[in-house]
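**Student:** take a look and give me a structure for this.
(2 chains)
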Amino acid sequence: MRQDAAAKTSLEKVNTVVEKGGFFFRHHIDAPLLAALMVLMLLSLFVLYSASGRDSAMMMRKCLHTAGAVALIVFFAQIPPRYFAKLSFYFYLFGVVMLVLVELFGDISKGAQRWLNLGIVRVQPSEIFKVVMPLTVAAFLSKSPIPPKTLNTLISFFIVGVPTGLILMEPDLGTAGLVAVSGMIAIFLAGLPWWWILLGLGAAAAAVPVMWNFVLHDYQKARVFTLLDPTSDPLGAGYHIIQSKIAIGSGGIYGKGWLQGSQSQLDFLPEPHTDFIFAVLSEETGLIGFVILMALYCFIIWRCVVITMRARENFERILAGAFTFTFMFYIFVNIGMVSGILPVVGVPLPFVSYGGTSMATLSVSFGIIMSIHTHKKVMIFGK
Amino acid sequence: MSLFNPEIKKAKERQLFGPERRKRRRDQSQQGNGRRDTEAENRIFRNRVIACLAVCAVMVAVLFSNLYYLQVISYKDYQTRSNENRLKIVPVVPSRGIIYDRNGVVLADNRPVYHLVLYPAKEFDTLAEIRELNALLSLDLTEREAVSLSRQARTRKKFSGIEISDLLSEEQIATFSVNSYRYPNVQVAASLKRYYPFADIATHAIGYVSRINQADVDMLTADGRIDNYEGSTEIGKLGIEKYYEDVLHGRTGSREVEVNSHGQIIRTIKYNPPKPGDDITVSLDIRLQYYAQELLGDTRGAIAALDPASGEILAMYSNPSYDPNLFVRGIRSRDYSRLLNNPGRPLINRVTQGGYAPASTAKPLMCVMGLNEGLVTPTGSFYGMPYFRLPNSTHQFRDWRSWGHGWLDLYRALEVSADTYFYDLAYRAGINTIHRYLDLFGFGRRTNIDLMEESTGVNPSREWKRARFHKGWALGDTVPIGIGQGYWTTTLMQLVKAHMTLSERGKVNTPHLMRAISDPADGGKLKRGFENREKPPYIELRDSSYWDVCRDGMYLVVNGPEGTGRRAFEGARYKAAGKSGTAQLVAVKQGEKYDASKLKVEHRDNALFVAYAPFLKPRILVGVILENAGGGSRMAAPIARALIDKYLLELNPGGYMGESEPRYVKFGMGGTVGVQ
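**Tutor:** Residues are numbered from 1 along each chain as shown, chains lettered A, B, ... in the order given. Reported below is the predicted structural model:
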């Protein structure tokens, strides 16, 4: 008891020091990260105003989304990371059940069965895995020392594979890819041996013809063809890419000015407020706008990498790292797709595109990252 | 708080992961990774993060290079394509030149009209809509027309509508406005349409415009004029409208507009105004034209009146006529077949396209030939038998008067229109000479009139007959040519032109309709008039007095005691000259090959009369032809007289009406006539 008391006293001292980290830190918020995210969301409001054609109703909803996003970040930052680890399996199970339900009872929209109508709200269970997948993999792999043993590696691949397969069946190639990649990043960070990676790449290369012939749907093939040569079908599948590239290219270095983009304002861009919002930004603010956006993203990633490196637990750092690099992957895929170097898959530009689901999942990820950074004292308490 | 109770959590962990793992996990967290190689783990993790960061750096680099390539290196290219996307050139159709008559009366106008335009849309059943509107507004569409319209709608370009109605009346517009909420994709559209206020009075001269069809597009493309017709829907199809299409059309302007991806116009950036078409003043006097229609009544026939001094056409009317406004809005097939099947053949311009035997109206022209070739002299005598017979032949070429005319000289031969005199003349001249002189007078050739619709008639020759009938020329073929029958066919315009040359004593004028082209934007300043197209513009005779000899003969026709036209011109307040003609159907039948359907089975004669007045310096020359009407002097001459009266006395009083003091001229057979 005395020993405990002494320990408690010294720990309280440590915690006091930690708590002196400032108001934000005391409330489990990482000020630089939150500030950067808020600047990004503020910027996205301006872009959306232009992209939506000055749609005030949409602006109103985007403001609500933004407020909700901040609330979600702060809320999830309050929850100590170990609870996520402990609950990850339930989340995972819940998600898989939902995916199966979608497969059985889901609403069909645009040829794919992605939505589950719960009476009040329609949810897209595949989105859940954008958060749950790295969480589960990180929780599983951090239970044993890293690098993981062969058996654990195989199990983690299985964990990644089940929801990915279910999402592929919807079919939603884009989300399946993102979910799989987020899980893979987690496995990679956990120390997946390099020869596994080489083997995987080889297997993937071998799988391409099989996928092409037996798995991919025609519209998915068309997207790949379109990427290779958008001019082959200028009014069909290639139209979006051509118009988007024209928008970006005609922006030049300085851009045409806010609300002045002819491609954006005259309806030449497909879905200018969601997936193709980057084209609007590029057309109206030019290369400078891209550089500013990229700088913001890089700052966020840098800050997240710092948090990752400072994390002490394997679970925490694998999770933070997976979120961070998945975030970068989203950015790359979206901008790559809009600027014509990747096939068109439905990936929104993080925090900029209009869409509540995307904002919510990203906010949860960043909330967890903040939680990881600001809950170090909890670990000292242990029991 | 119970959620965060460690005891509960423990229970959960046991169930999920089993006791051994739970223990290990607890060891990790409690004993600070005592059994793990923390250093190695840190190293591995750091390496992995660095690898990921490297990938991130590559991604950023790739994105930046791509953006740099798009926005800096290919900037110009994409800027151009962006502008191409948003900027569209919309043609602005110039307003068509107005056509006036010689007194400034509008003959062809542009009027704002309203019609229903349907923009096909997926959510509406086009055919059902057309049927409903047809019933609602009594558009008078048959089921077949409705179906064909709905088919048109399907093949139309995106965003362009189809006209589903004729010109709407005020009442129809009002009815539609009340019900328009039910047809959101149907609109009342206003546009300028050609309108001919005088309907069928001047159709054959003025013509009409109609929708540009594929043949027009091909023709315009071949001429390289197609660019100027961007956006135009109508083109001149007949008459002045066709002949002066380039003058009337004007130059198409353009509007540079910004459009969105649906083609909707957002705003105008640059406006390049069209140059409106030039106005045309034609030489027609619409009052005379109207009078010509009135005079002809139900008779099939044609009237042409010219000012012989200039060749300006004062009236040109072909009966029956039709309303050109039908064609402007796209003629319905049943209307068109009604016109096509009308036994009166209204679509044919009888003045320039009808091939007729000139009959006796050709005799003065034969006299010119005879005098110039030395075959006859003005006073040389000839005994008019009841018939003429070729040597060694029994075939009788009968005179119109079964008992003959007795002694004739040239003057009397013209006055009484003695056929035998001209049978003999033609026989002695031979077909080669006749062909040469007829060619000189313009027969068998285009008159150079400013109309596209013209047939050349037939100026018969040996070559022509061989080509046409694969037979040699017979001597008997020559004889009836002398009285304007046989293989010879002419249009009324050719006949009138030849008589105009005679009345002008050898001066050849091109008959024409266009009097002036003026620029409406330039205060109606005259740009150009009509220039004589004859080469050479005169006919040279051995002795120019021959013209007067023939003219005097024609004077006697109207003023002589035996003149065939004396009854028709009795009591005229001016002195006229003229020549009657009665074309036998037999002769006409030989000309049937040009337009057989024009002549009905009736075996009545065509009546012709050519007259001009005042005699010495004629101000008007009239040619009349009445199909199957009978004798020229009895039927056609009064019409010519009425028209001349109308023009000289009523429409243009106070002009030259002849000399006040008559000049007495002694004629060959001993008669004397006062020439005024």
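**Student:** check what pLDDT B:Arg26 gets.
**Tutor:** Looking at B:Arg26, its pLDDT is 51.
**Student:** again with B:Ser337
**Tutor:** 90.
**Student:** which element is it on?
**Tutor:** Secondary structure from DSSP states H and E places B:Ser337 in helix B:333-341.
**Student:** burial count for the residue in the stretch 351-500 of chain B that chain A sits nearest to?
**Tutor:** Per CB to the nearest CB, B:Met452 is where the stretch 351-500 of chain B lies closest to chain A, at 43.1 Å. (Each C-beta comes from the backbone N, C-alpha and C, glycine too.) If you count neighbours by other CB atoms under 10 Å in any protein chain shown, B:Met452 ends up with 15.
**Student:** could you chop chain A up by domain?
**Tutor:** For chain A, the structural domains run A:27-78+A:217-383, A:83-216, going by automatic domain parsing.
**Student:** out of those domains, which gets nearest to B:Arg528?
**Tutor:** B:Arg528 lies closest to domain A:27-78+A:217-383 among the domains of chain A, at 46.8 Å (CB to CB).
**Student:** low pLDDT regions in the stretch 551-676 of chain B?
**Tutor:** Counting by pLDDT under 70, the stretch 551-676 of chain B contains low-confidence ranges at B:586-603, B:668-670.
**Student:** residue contacts, B:Pro94?
**Tutor:** B:His249, B:Gly250, B:Arg251, B:Thr252, B:Gly253, B:Pro274, B:Lys275, B:Pro276, B:Gly277 (CB atoms under 8 Å, 6 or more residues apart in numbering or on different chains).
**Student:** ok, back up a step: other SSEs contacting the helix holding B:Ser337?
**Tutor:** Other helices and strands packing on helix B:333-341, by 3 or more CB pairs under 8 Å, 6 or more residues apart in numbering or on different chains; DSSP states H and E, are absent; none qualifies.
**Student:** need the contact partners of that helix.
**Tutor:** When contacts are defined by CB under 8 Å, 6+ apart, helix B:333-341 is touched by residues B:Tyr322, B:Leu326, B:Ile331, B:Pro346, B:Leu347.
**Student:** tell me the helix or strand right after that helix.
**Tutor:** Later in the chain than helix B:333-341, the nearest helix or strand by DSSP H and E is helix B:363-372.
**Student:** and the strands in the stretch 251-400 of chain B?
**Tutor:** Using DSSP state E, counting those that start in this stretch, the strands of the stretch 251-400 of chain B run over B:253-259, B:265-272, B:275-276, B:279-282, B:301-307, B:312-319, B:382-384, B:387-389, B:396-398.
**Student:** now do the buried residues in the second one.
**Tutor:** Of the residues in strand B:265-272, none has enough neighbours to count as buried (16 or more other CB atoms under 10 Å in any protein chain shown).
**Student:** nearest to chain A among the contacts of helix B:333-341?
**Tutor:** Scanning the contacts of helix B:333-341 for proximity to chain A, where the rule is CB to the nearest CB, the winner is B:Ile331, at 37.5 Å.
**Student:** quick one: buried ones out of the contacts of helix B:333-341?
**Tutor:** Listed as buried from the contacts of helix B:333-341 are B:Tyr322, B:Leu326, B:Ile331, B:Pro346, B:Leu347; burial here means 16+ other CB under 10 Å.
**Student:** neighbours of residue 55, how many?
**Tutor:** Looking at chain A here, since you left the chain open. For A:Asp55, the count of nearby residues is 15 (other CB under 10 Å).
**Student:** if you could check chain B rather than the one you did, that'd help
**Tutor:** Counted with other CB under 10 Å, B:Val55 comes out at 16.
**Student:** who touches it in this structure?
**Tutor:** By CB under 8 Å, 6+ apart, the residues touching B:Val55 are A:Phe325.
**Student:** can you check the one 4 residues further on too?
**Tutor:** Taking CB under 8 Å, 6+ apart as the criterion, B:Met59 is in contact with A:Met328, A:Phe329, A:Ile331, A:Phe332.
**Student:** highest neighbour count among those?
**Tutor:** Result: A:Ile331 is most packed of those (other CB under 10 Å), 26 neighbours.
**Student:** and the residue of the stretch 151-300 of chain A found nearest chain B, what element?
**Tutor:** Closest contact between the stretch 151-300 of chain A and chain B, by CB to the nearest CB, is at A:Gly249 (2.6 Å). A:Gly249 belongs to helix A:238-251 when elements are defined using DSSP H and E.
**Student:** which residues touch the very next helix or strand once past that helix?
**Tutor:** Counting by DSSP H and E, the element after helix A:238-251 in chain order, helix or strand, is helix A:262-265. Residues outside helix A:262-265 that contact it (CB under 8 Å, 6+ apart): A:50-51, A:53, A:243, A:246-247, A:250, A:256, A:259, A:268-269, A:272, A:279-280, A:283-284, B:82-83, B:85-86, B:258.
**Student:** any residue of the helix or strand just after helix A:262-265 touching chain B?
**Tutor:** On the C-terminal side of helix A:262-265, the closest following helix or strand by DSSP H and E is helix A:277-310. Yes. Applying CB under 8 Å from any CB of the partner chain, one finds helix A:277-310 touching chain B at A:Ser282, A:Gly286, A:Leu287, A:Phe290, A:Val291, A:Met294, A:Cys298, A:Ile301, A:Val305, A:Thr308, A:Met309.
**Student:** got any ranges where the chain has weak pLDDT?
**Tutor:** If you meant another chain, say so; for now it's chain A. Within chain A, the ranges that satisfy pLDDT under 70 run A:1-21, A:107-114, A:117-122, A:223, A:226-237, A:377-383.
**Student:** the chain in question should be chain B.
**Tutor:** For chain B (pLDDT under 70), the answer is B:1-36, B:121-123, B:155-161, B:166, B:261-265, B:586-603, B:668-670.
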